[in-house]
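In: okay, predicted coordinates and the sequence, questions at the end:
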Amino acid sequence: NIVALQCSGADTAADTKEKASSREFDVLFLCVPARYVPDMLLSLSGFSGIIVDTSPAQPPTRADMPSLRLGLVKALGDISAYDLVHQSDRVAKIRKTYLIGSSTKACLIVATILGEFDLVPIIIGDLSKEKKLFQKWYPFFNGWWQSFIIVFIIFVGLLAYALCSYLKISGAGQYDQSRAAGFIMNKAVSWTGMWMLSLPFAVGGIAKLTCKPLPTWLVFLLDIRKPIGILSTLLIVAHVHFSTLLFSPSYYGKFFNDDGALYEWAEYSIFFGIFGFVVLIPIAVSSFLGKYSHLEWRFMQLYLSLFMLSLACTHVVLMGNPSQPKGKGQRGWKSTGDPNSTRGMPSITLLSTAPVLLMIAFRILTDLVMPTLCSTCIPKDGRLQKAI
């Protein structure tokens with residue numbers, strides 16, 4: 001597509017209209033004051049290409065301009081023109097811009113153009129959603145309900161497995177239904193939190209190895225990493241509260257010896273759990289702030305997060321200590337495959353940590369090993385949707 005730029009006011013609208021009618025360009029970026037935009041859009045109503053309104057004003061709807069027969073996209077209104085022209089540090093930090101348009105195809109074409117300028121375009125939807133673009137909370141919570149559905153489905157599945165593994169009624173467990181709302185629920189909450197905290201890093205690693213432009217479904221998963229991470233953090237907070245209230249010999253007898261003191265491995269398990277939760281706090285806070293350079297953000301959201309997940313895995317692995325005496329609850333790793341323990345069902349300790357450990361190894365491979373040993377193995381960075 002041939003791209004044109006309209007940088008002045010209404011006085012040159014006639015000249016722009018003449019060039020548009022002769023199809024000298026296919027995409028027109030209107031970089032004009034917001035007060036000129038409605039008149040210019042009306043004067044260009046015969047243009048069959050795509051017009052990009054870059055002003056911060058709310059875009060017109062189809063009802064307001066029924067004679068408008070063109071592809072209209074609202075973009076870049078959330079980034080300062082000065083920052084764009086001078087490529088300031090603010091653009092380097094934010095990089096993200098939100099798009100709405102009259103059609104998905106028009107949005108994808110404009111997103112491809114913006115991607116060439118090292119921006120990260122996120123398509124919100126069509127012009128019926130234009131008000132959401134101007135609500136301050138919407139860019140942050142974009143993809144919130146989709147993330148909630150994903151986390152909820154995973155939670156229900158893992159809760160069902162935990163109930164089957166622990167309850168007597170299933171024929172595999174050793175606890176009655178009175179433990180379902182607290183002890184067993186805590187297992188499902190922490191398990192879901194572990195998996196969902198690791199999901200954004202797995203998606204990022206896959207995107208790093210995928211040739212650009214990325215497929216739309218992968219871009220969608222990349223864009224909902226923040227709400228998934230926030231929901232996962234809330235689950236971990238709930239797990240900490242559950243564990244604090246339930247922590248006693250009657251619930252966690254395998255942690256205590258006959259004198260009522262904790263075993264050494266149990267103390268280390270608690271230490272790594274608390275340490276991991278403390279590390280999680282600044283990571284979660286940084287997700288709300290987002291005012292960091294690229295290197296600071298990468299350290300906080302990648303390296304520190306992988307360290308936090310490693311601490312969490314160590315916490316869970318120690319909880320499954322196989323040396324615990326018989327009669328003090330499930331026997332952790334030794335219960336895996338044992339027909340006399342949970343009827344051979346894999347232990348939750350194994351299922352909750354193994355995928356996370358594999359993800360950690362995967363991200364170390366994609367972000368540290370492969371760029372060092374084989375830089376050409378990693379496709380060029382950039383997140384663009386495939387055009388329709």
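Out: Ah, there it is.

In: just the buried positions in stretch 303-322, please.
Out: By neighbour count with 16 or more other C-beta atoms under 10 Å, stretch 303-322 contains the buried residues 304-306, 308-321. From N, CA and C alone the C-beta is placed, and that goes for glycine too.

In: what's the answer for stretch 350-360, then?
Out: 350-353, 356, 359-360.

In: of those, closest to Ser250?
Out: The shortest distance between Ser250 and any of the buried residues of stretch 350-360, using C-beta to C-beta, involves Ser352 and amounts to 23.2 Å.

In: flag the shaky bits of the stretch 151-300 of the chain, pLDDT-wise.
Out: Low-confidence segments of the stretch 151-300 of the chain (pLDDT under 70): 170-173, 212-213, 289-294.

In: quick one: the helices in it, in order.
Out: Secondary structure of the stretch 151-300 of the chain by DSSP state H, counting those that start in this stretch: the helices cover 185-209, 216-223, 225-246, 264-289, 294-298.

In: dump those helices to CSV, plus mean neighbour count and distance to Phe47.
Out: Written out in CSV, the entries for the helices of the stretch 151-300 of the chain read as follows (neighbours: other C-beta atoms under 10 Å; distance: least, C-beta to C-beta, whole Å):
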stretch, mean neighbour count, distance to Phe47
helix 185-209, 21, 35
helix 216-223, 17, 27
helix 225-246, 18, 37
helix 264-289, 16, 41
helix 294-298, 12, 38
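
In: wait, which of the ones you listed is closest to Gly77?
Out: Comparing those by their distance to Gly77 (C-beta to C-beta), the top pick is helix 216-223, with 18.6 Å.

In: for the closest one, packing partners?
Out: With contacts defined as 3 or more C-beta pairs under 8 Å, 6 or more residues apart in numbering; DSSP states H and E, helix 216-223 has these neighbours: helix 185-209.

In: which strands and helices lie in contact with the helix it packs on?
Out: The criterion is 3+ C-beta pairs under 8 Å, 6+ apart, and the helices and strands that helix 185-209 contacts are helix 144-166, helix 216-223, helix 225-246, helix 304-319, helix 348-364.

In: now what about the longest one, what contacts it?
Out: If I follow you right, that is helix 144-166. The set of residues that contact helix 144-166 without belonging to it, under C-beta atoms under 8 Å, 6 or more residues apart in numbering, is 170, 172-175, 179-180, 183-185, 187-189, 191-192, 195-196, 220, 224, 227-228, 231-232, 235, 342, 345, 347-348, 351.

In: can I get the CA coordinates of it in CSV?
Out: Extracted as CSV, the C-alpha positions of helix 144-166 are listed here (Å, rounded to 0.1, in the frame of the first residue of the first chain):
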residue,chain,number,x,y,z
TRP,A,144,-10.0,-9.2,31.0
TRP,A,145,-13.1,-11.3,30.6
GLN,A,146,-11.3,-13.7,28.1
SER,A,147,-8.5,-14.2,30.7
PHE,A,148,-11.1,-14.8,33.4
ILE,A,149,-12.8,-17.5,31.4
ILE,A,150,-9.5,-19.2,30.6
VAL,A,151,-8.4,-19.2,34.3
PHE,A,152,-11.8,-20.3,35.5
ILE,A,153,-11.9,-23.3,33.1
ILE,A,154,-8.4,-24.4,34.2
PHE,A,155,-9.4,-24.0,37.8
VAL,A,156,-12.5,-26.1,37.5
GLY,A,157,-10.6,-28.9,35.8
LEU,A,158,-7.8,-28.9,38.4
LEU,A,159,-10.3,-28.7,41.2
ALA,A,160,-12.1,-31.8,39.9
TYR,A,161,-8.8,-33.7,39.7
ALA,A,162,-7.9,-32.6,43.3
LEU,A,163,-11.3,-33.7,44.6
CYS,A,164,-11.0,-37.1,42.9
SER,A,165,-7.5,-37.5,44.3
TYR,A,166,-8.2,-36.6,47.9
